[in-house]
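J.: Just need the structure, nothing else, for what follows:
(one chain, ligands or ions: 1)
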Amino acid sequence: MSNPLRLGVAGLGTVGAGVLSLLNEQQHLLRQRCGRALQVTAVSSRDRTKNRGVDLSSSITWHDDARALASADNVDVVVELIGGAEGIAKQVVEGALDAGKHVVTANKALLALHGSALAARAEKADRALCYEAAVCGGIPVIKAIREGLAANRFERVYGILNGTCNYILTKMEDTGADFQDVLSEAQALGYAEADPSFDVDGIDTAHKLSILASLAYGTHVDFSAVYIEGIRHIAAIDIQFAREFGYRIKLLGLARRTTHGIEQRVHPCMAPLGSPIAEVGGVTNAVVAVGNYAGQSVFEGPGAGAGPTASAVIADIVDIARNQILPPFSAPSSQLERAPVSPMELHEGAYYVRLAVLDQPGVMAGITAIMAQHGISIDSIIQRARAPGAGVPVVLITHDTQEARMNRVLAQLAALKQVIEAPVRIRIEKL
Ligand code: HSE
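T.: Predicted coordinates for the structure are as follows:
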């Protein structure tokens, strides 16, 4: 049997502790599957005294500075679980590759912002850079797209990539409560971060989407090209109207190649009821990949948590132990394409628009006149209640049109004196 593969784990938060527990509990199974033992030889974390419920015995070297762990002689693989796109995490990954170590990371922000440069660095060093845990936790979606579906061109790849947002939207639907109330409750229960902005403003989804888009389209990771909207503006009333029209609101990340380039967008979507993605509730994540030979594949599972994320981290370690070392993305970095960005203004689709208007004569005529003036055809229109002098909701569903046209219409609608709140626009997806 070969020598043990020696692991240095940088970061002992929830995921780091989960990795150590899994390695301990599954050691015999992993030794059999790898043909060699997986042995933790070094760890690093800020607080040495904290009880993490795992045995950090004297045979494990403790480093106060993770950068020292990254180049330690008794480490073959550096497992970076610190997080963050810059600072220590980046220095640890770069230092490890430069010191000839393989790297396994769960750091989606790092990959989204520096993925291409790090991939080139790993290839130059002839070392692995693995990141299965960075996208959708326990779902093996990186391997699925990069390896299992390698023979396909992708019509599109999309999914629910953030469990916090999906939990909030599901809870809003189940309880009829508004965004802020559900968020506060989720924070109290520990389901949402004290600063929830990365999750609810769509940034976490965009990090993950930029990685999936690179894998699917053979392009450099391009986080700056992602159009991003979060879920803060979604009201309970939108969720009710969505249902009436046959949809469920989901925060999706969507990527596809258009005639203009690669389109990457993150925003709340009207997903048709009955489509696989509309049925995914709670913190669960799901990715749909539509390949030109494989057809539609749906991957669903837990996107976060110690166990699922540790499972993905260790799958990468197992690959390294088996000497299965691939370029980090779907092609060697010298072969990745620098594709143009398909601008959001050219996006085509149908729209849900909700206006809060004063219930007065001629308001509807004014709204429909603006739509007609811009050549947008209305599929359905509802005014829900009668309340002379007060604000009432008017909801329009359009036929397919162009985003730029819709932007002009929304600006004009917002300027009408009978429209008393900023219009809400939610894109309708054919899924
Ligand atoms: N914050 C993420 C989510 C989990 O809510 O899905 C880690 O990527």
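
J.: now the residue of the stretch 301-431 of the chain found nearest the ligand: how far from Ile262?
T.: Taking C-beta to the nearest ligand atom, the ligand has its nearest neighbour within the stretch 301-431 of the chain at Ala304, 3.6 Å off. Yep, even glycine has a C-beta here, placed from its N, CA and C like the rest. Counting by C-beta to C-beta, to the nearest Å, the gap from Ala304 to Ile262 is 27 Å.

J.: for Gly35, same thing?
T.: Distance, Gly35 to Ile262, using C-beta to C-beta: 40 Å.

J.: And those two? Which one has more around it.
T.: Ile262 (22 against 11; other C-beta atoms under 10 Å).

J.: Apart from its neighbours in sequence, what residue is nearest that one?
T.: Excluding its sequence neighbours, the residue lying closest to Ile262 (C-beta to C-beta, 6 or more residues apart in numbering) is Ala339, at 4.6 Å.

J.: Please enumerate the helices of the stretch 301-431 of the chain.
T.: Along the stretch 301-431 of the chain, the stretches classed as helices by DSSP state H, counting those that start in this stretch are 306-321, 363-373, 403-415.

J.: Could you confirm whether the longest one reaches the ligand?
T.: No - using C-beta under 6 Å from any ligand atom, helix 306-321 never reaches the ligand; the gap is at least 7.6 Å.

J.: helices and strands around that helix, which ones?
T.: If contacts are counted by 3 or more C-beta pairs under 8 Å, 6 or more residues apart in numbering; DSSP states H and E, helix 306-321 sits against strand 5-10, helix 14-25, helix 27-34, strand 38-44, strand 77-80, strand 102-105, strand 129-130.

J.: So which of those is nearest the ligand?
T.: helix 14-25 (9.0 Å).

J.: Enumerate the residues of the stretch 251-400 of the chain near the ligand.
T.: Within the stretch 251-400 of the chain, the positions lying close to the ligand (C-beta under 6 Å from any ligand atom) are Gly303, Ala304.

J.: Show me the strands in the stretch 251-400 of the chain, by range?
T.: Remark: strands assigned in the stretch 251-400 of the chain by DSSP state E, counting those that start in this stretch are 261-272, 284-291, 295-302, 348-358, 378-383, 391-398.

J.: Distance from the last one to the middle of the chain?
T.: Computed by C-alpha atoms, centre = their mean, to the nearest Å, the chain-centroid distance of strand 391-398 equals 30 Å.

J.: now for it, which elements pack on it?
T.: Here strand 391-398 touches helix 236-244, strand 348-358, helix 363-373, strand 378-383, going by 3+ C-beta pairs under 8 Å, 6+ apart.

J.: So which of the ones you listed is nearest Ala216?
T.: strand 348-358 (19.9 Å; C-beta to C-beta).

J.: Can you check what angle separates the closest one from strand 261-272?
T.: Interaxial angle of strand 348-358 relative to strand 261-272 (axes from the mean of the first three to the mean of the last three C-alpha atoms, to 10 degrees): 50 degrees.

J.: List the buried residues of strand 348-358.
T.: By 16 or more other C-beta atoms under 10 Å, the buried positions in strand 348-358 come out as Gly349, Ala350, Tyr351, Tyr352, Val353, Arg354, Leu355, Ala356, Val357, Leu358.

J.: Could you do stretch 289-304 as well?
T.: The neighbour-count check on stretch 289-304 (16+ other C-beta under 10 Å) flags Ala289, Val290, Gly291, Ser297, Phe299, Glu300, Gly301, Pro302, Gly303, Ala304 as buried.

J.: taking these as a set, which two sit the farthest apart in space?
T.: Longest span within the buried residues of stretch 289-304, C-beta to C-beta: Gly291 and Ala304, 26.4 Å.

J.: who does Ile382 bridge with?
T.: Residues in a beta bridge with Ile382, per DSSP bridges, are Val395.

J.: And the pLDDT for it?
T.: Confidence at Ile382, expressed as pLDDT, is 91.

J.: repeat for Val19
T.: 97.

J.: so what's it up against?
T.: Val9, Val79, Leu81, Ala310, Val313, Ile314 (C-beta atoms under 8 Å, 6 or more residues apart in numbering).

J.: before we move on, what about Leu12?
T.: With C-beta under 8 Å, 6+ apart, Leu12 has these contacts: Leu20, Val43, Ser44, Ser45, Lys50, Arg52, Leu81.

J.: I figured Leu5 was touching Val78, is that so?
T.: No - at 11.9 Å, Leu5 does not count as touching Val78 under the criterion of C-beta atoms under 8 Å.

J.: more neighbours, these two?
T.: Higher neighbour count among Leu5 and Val78: Val78, with 28 against 22, using other C-beta under 10 Å.

J.: how does this structure divide up, domain by domain?
T.: Residue ranges for each domain of the chain read 5-105, 143-302+333-344, 347-428, as given by automatic domain parsing.
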